[in-house]
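>>> just to be clear, the model below is a prediction. Sequence and coordinates:
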Amino acid sequence: MLGSSSTMGAASSWSRAMLQISPYTFAALGIAIAIGVSVLGAAWGIYITGSSLIGAAIKAPRITSKNLISVIFCEAVAIYGVIVAIILQTKLESVPVSQIYAPESLRAGYAIFASGIIVGFANLVCGLCVGIIGSSCALSDAQNSTLFVKILVIEIFGSALGLFGVIVAIIMSAQASWPTKEV
C-alpha cells in the first residue's frame, strides 16, 4: 500500500509539472519539431537518393537529369514542414495573463504541439521512404531504363505519407482555440 501511494505522488508531481509548463512553450516546441524534423527527413532522403544517383551515373550518365525528380520529391517533404509550421504559427494568439493556464489554453498548446509532432515524424519517415525508393529507382534505371516509370509510381505513393501527416496535423490544429476574455 505504501508503494502505491508513493507511485501516485510521483504521477501527480509529473502531471503538476506538465501543467506548469506554459502552453506557449508546448506550441513553440510543436512548431519547431514540425519544421526541424521535416527538414531532417528531407535531408536524409536527399542524402540516400543523391549518393545512389551519383554512383549509378558513373555507369549510365543518362540517368542524372531524369532521376532528379527523386531529389525534388525529398525536398517537397521539407516544404510540407514549412507550410505546416506557418499554419501552426498563425494559430498562436495573445491570451490574458489570468487565462494562460486555463483548460482552453492548455488544449490549444497541446493541439499545436501534437500537430507539430505528427507532421514532423510523418515527414521524417516520408523522407526516408522517398529517399530509399529514389535510390532504388536510380540504381535500377542505370541497369534497365524501362523500370524508371514503374518505380516512380511507387515513389509517388511513398510521398503521399507526408501529405497524410500534413492533413492530420491540420485537422489536429483546428482544435487550437485560445481564450479571449478575462474571467
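Now that the structure is in, tell me what you want to look at. Residues are numbered from 1 along each chain as shown.
>>> beyond the biggest helix by length in the chain, next helix or strand please.
Taking residue count as the measure and DSSP state H as the definition, the longest helix of the chain comes out as helix 103-143. Towards the C-terminus, the helix or strand next in line after helix 103-143, according to DSSP states H and E, is helix 148-173.
>>> if I look at the residue nearest in space to the middle of the chain, how far off is residue 172?
Among the residues of the chain, residue 120 comes closest to the average C-alpha position under C-alpha atoms, centre = their mean, at 1.6 Å. Residue 120 sits at a distance of 12 Å from residue 172 (criterion: C-beta to C-beta, to the nearest Å). For the C-beta atoms, the positions are set from N, CA and C on the backbone; glycine is no exception.
>>> still on that earlier bit, tell me the angle the longest helix of the chain makes with helix 148-173.
180 degrees (axes from the mean of the first three to the mean of the last three C-alpha atoms, to 10 degrees).
>>> by contact count, what packs against helix 103-143?
With contacts defined as 3 or more C-beta pairs under 8 Å, 6 or more residues apart in numbering; DSSP states H and E, the packing partners of helix 103-143 are helix 23-59, helix 63-66, helix 68-90, helix 148-173.
>>> packing partners of the first one?
Contacts of helix 23-59 with other secondary structure elements, assessed using 3+ C-beta pairs under 8 Å, 6+ apart, are made with helix 63-66, helix 68-90, helix 103-143.
>>> deepest of those, which one?
Comparing those on average neighbours per residue, with mean count of other C-beta atoms under 10 Å, the densest one is helix 103-143 at a mean of 23.
>>> quick check: mean pLDDT of that one?
This predicted structure assigns helix 103-143 an average pLDDT of 94.
>>> can you state the direction angle for that helix and helix 23-59?
Using the same axes, to 10 degrees, one finds that helix 103-143 and helix 23-59 are set 0 degrees apart in direction.
>>> next, count neighbours for residue 163.
By the other C-beta atoms under 10 Å criterion, the neighbourhood of residue 163 contains 15 residues.
>>> nearest spatial neighbour of it, skipping sequence neighbours?
Leaving out its chain neighbours, the residue that sits closest to residue 163 by C-beta to C-beta, 6 or more residues apart in numbering is residue 80, at 7.2 Å.
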